[in-house]
Structure formats: structure tokens, C-alpha cells
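Undergrad: Show me how the following folds:
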Amino acid sequence: MKVSVLALMAMPLLFAADQRQLALALKAQSDFGRVEMTARPRIPESQTCVQSQAAALAVSLPEDRSLLYYRKGYCAIAGAAASQDPLQFQAAAEDFDKAVEAWPERARKSPKRAPPEPVPAALRVFGGIARLQAVAGVAVPAGARQEIAGALEAPSCNSALIPAGFCSDLLTAGAQWLGWMALRGNQLDEAARSFSGAPGTGWSAWVQGRREFDAARFREAAAHYATAIDVWKRIWQGEGPTFLQALGPRPQDAAALADWGGARMLAGDLAGAILTLDASIQADAASPHALYLRARAKELDGRLDAALTDYNLASRTAFAAAVDLASGEAHLYHGIVLYRRQDYARAEEEFASALNFEMTGALRPDARAWRQLAAVAGGACGTARQSLNLALAAVSPFFPRDEARSLASACGAEQMQ
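TA: Residues are numbered from 1 along each chain as shown. Below you'll find the predicted structure:
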């Protein structure tokens, strides 16, 4: 058999190319193993891993690309978990998407006549988690819930791509995100089911606290909130979470402390509530809600001047965050200040203004009741008294319901004289 001179000349080049491809593949595998075997991967190792996977991809065969994109995404999300860089989370999501797109090419490596291996559920869950992490757990990207829920409908961990133990942990993290989304929608039963597979995360205790709060069992709610926050402190503070822990939803410290403080206040623990709300405001000084709750706690504690200061701070903070001063929340808090200063006419105007702007659903019933309460306090007994009594049925636990009933009752007694 004759071999051409050109073919003989090309053989060293082909050998050199094969050697370079092998070297890049081995480095990519080694760098990935270093990240994969570390409980808390560091940013430099993660970045090195991302770069070596990218180098291997540049010379890879089509059947190897899904694996390399998976590794590249894994290292990107590991680095993002350490840096909390949303761009890195998004880059990881894109790599996982490419791993899914390249998956059919892996069939070339499958034994002949073997059925094609389906895309692992964990790979799709990884992409969904990365997208949720990219928005820092404060929003839900379009389709995120369907992406994770759809993958968990067939939660197989039989793929050689992802070790079975890590696959199972990853699916559990995906279920936690479903619980987090259900919690945002106040679907507490669904949230409890989703969190049931991860009892050590604090989320199950938090859901139970929400249930107790909705049932007006505030002491029990505060206890469950305290349990959840204690778990979260152990996980997220100090050395920080492991990579697996960081894949789950991260609690918002300031908001959690504000909810705990509110429950403590309603349970009658005013000193504890104020301390907890102090911590919430220290974590996020731009939270009108926490300032409002602290004002209410101080008011119940008989510290009216301090309460008025916090109501003012809450109003100013809400105005500062609003567009063109269009903040129903800010007008509500300012109206409370005016009401407590017995400027009932101006307070009623502020409450009316509050109802003309956007507010969270929980605040709007309170604003309606405050408006009627200001009218009654200002001497407009008749219709305002009836409207106030009707409005009280929908107010939050933080509204001064007993005070309003007493005032409405006194107004009715005056009418009968």
C-alpha cells in the first residue's frame, strides 16, 4: 500500500494536534475535579476551571461538547456562588443551555443499538437555578418555575454526566426554589411540600411560622421565625454556605428580621420586637416597612415621640424610593404622623392620597381604615363610623383595631344622645 509524500508530511501535524487536544482535555478534567471535590470552591480555582473548559471546547469533538459545557457551567456557578456575581450566574445558565443543546451528539459515544439517553433532569434544574440566582432571589425569571417543575416530574439520576449523589442534592435544591416561589405567592401548603425534602435549611420552620402568623398565633409564629433565622445564621454567616447549600434560595436577612420583629410585637414582646427591628434596619436602612413596624412597636410601648420619628423616617424613606413621589406607602406613613398629632383633616387627605397610588396588597386595607378613622376622629361620625366598622374586617394585625373600635363606639354613643 502506497502512502503519498503529502500524507507522510501531515502525520506529525496530526499527531501534534492530537497531543494538544489530549493535553487540553486532561487539564480541563483536572481543573474541574479540583472544583468538584471542594465543598466551598474559591473564585480563582473556579475561574481557572472555566477557562480550561473553554480551551478544551475550542478543539473538542461534537460528542464531548455537552460534557464540557456542563463542566464550564458548573465552575461558573461555583465561582458565582462565592462572588455573588449575577453576570457569572447568567453565564452559567447559558452554558447549561448549551449542554442541553449539545446533548444529542453524545449519542455517538453510546453503545450501538442502545436507546438514546434522555437529557438529565438535574442538568435542566441547574440551568433554572442559575437563572434564579442571577436575579439575586428577588424576582422570578419568565418560565423559571415551569423549567424546574418540568424537570422534577421525571427526577432520574441515572446519567453518567452527573454523579448520583450530587444529582439528588441538585434536585432537592430545585425543589427548594419551587418552595420559595410558592412562598412568594402565599401558597403555604405547596411551599411546605417543596421544602419537606430539605429539613435542615430553615425554610420549613419559616413556612410554619407563616401559617401560625396567618392564624393569629403570634407567639408561635415568632418562635418558628426565630428557629428559621437561627438556622440561616449558621449557614450563611461565618464560614459561609457550602456550594450545595448556596444552590438553594438565600433568605433576605432584613425582610426576615422585620417579619420576626412584627410577630414579636404582636405577641406582646415589645422590647424584643424593637431589638429585632433595629437589626432589620441595620441590615437595610432603606426599608420603610421595618421602620413602620418599629414605629408601631414604640407607639405600643408608650414612646410616642420616638414612634413619630420612625413614622417620619418610614415616610421619607418610601418617598426616596418612589418615582415622582408617587408612593402610597409614604403617604400612609405621613398620614399616621399627622393623625397622631391630631391634625385629622390633613391626615385624612394623606390617607386619600395613599389610596391613589401603588401599595402592597396588605397596606391598602389599612389605608382605607385609617382614612375613615381620621374622619371619625375629626368629628364626622355618621357614614364615616359605619365605613370604619366595615373597613376593620380587612385590616392587617398591625392596624390599631381596638383604638378604632373604641373611637367608633364613642362616636355612636354621641349620636344617640
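Undergrad: How about the contacts made by Pro283?
TA: Pro isn't right for residue 283; it's Ala. By C-beta atoms under 8 Å, 6 or more residues apart in numbering, the contact list for Ala283 reads Asp253, Ala254, Leu257. Where you see a C-beta, it was placed from the backbone N, CA and C, and this is true even at glycine.
Undergrad: By neighbour count, which of the residues you listed wins?
TA: Taking other C-beta atoms under 10 Å as the neighbour criterion, Leu257 ranks highest of the contacts of Ala283 with 25 neighbours.
Undergrad: What residues does that residue make contact with?
TA: Counting by C-beta under 8 Å, 6+ apart, the residues that Leu257 touches are Ile229, Thr276, Leu277, Ala279, Ser280, Ala283, Ala290.
Undergrad: Let's have the residues you listed in a markdown table, adding secondary structure and distance to Ala191.
TA: A markdown table is the format used below for those (DSSP: H, G, I helix; E, B strand; the rest coil; distance: C-beta to C-beta, whole Å):
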| residue | secondary structure | distance to Ala191 |
| --- | --- | --- |
| Ile229 | helix | 17 |
| Thr276 | helix | 23 |
| Leu277 | helix | 25 |
| Ala279 | helix | 25 |
| Ser280 | helix | 22 |
| Ala283 | helix | 23 |
| Ala290 | helix | 23 |
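Undergrad: Just send those residues back as TSV, with pLDDT and distance to Asp310 too.
TA: Formatted as TSV, these follow (pLDDT from 0 to 100; distance: C-beta to C-beta, whole Å):
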residue	pLDDT	distance to Asp310
Ile229	98	22
Thr276	98	14
Leu277	98	9
Ala279	98	15
Ser280	98	12
Ala283	95	16
Ala290	97	9
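Undergrad: CSV for those residues, including distance to Ala91?
TA: Shown next, in CSV, are the contacts of Leu257 (distance: C-beta to C-beta, whole Å):
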residue, distance to Ala91
Ile229, 32
Thr276, 38
Leu277, 38
Ala279, 35
Ser280, 33
Ala283, 29
Ala290, 34
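Undergrad: Glu63: how many residues sit nearby?
TA: So Glu63, with other C-beta under 10 Å, has 15 neighbours.
Undergrad: nearest to Arg34, of the contacts of Ala283?
TA: Asp253 (31.7 Å; C-beta to C-beta).
Undergrad: Run through the residues that contact the closest one.
TA: Trp232, Trp236, Ser280, Ala283, Asp284.
Undergrad: again with Ser387
TA: So Ser387 contacts Gln372, Ala375 (C-beta under 8 Å, 6+ apart).
Undergrad: same check, this time on Arg219
TA: Ala267, Gly268.
Undergrad: Tell me the buried residues in the host helix or strand of it?
TA: Taking DSSP states H and E as the criterion, the element that holds Arg219 is helix 218-236. Using 16 or more other C-beta atoms under 10 Å as the test for burial, helix 218-236 gives 218, 220-229, 231-232, 235-236.
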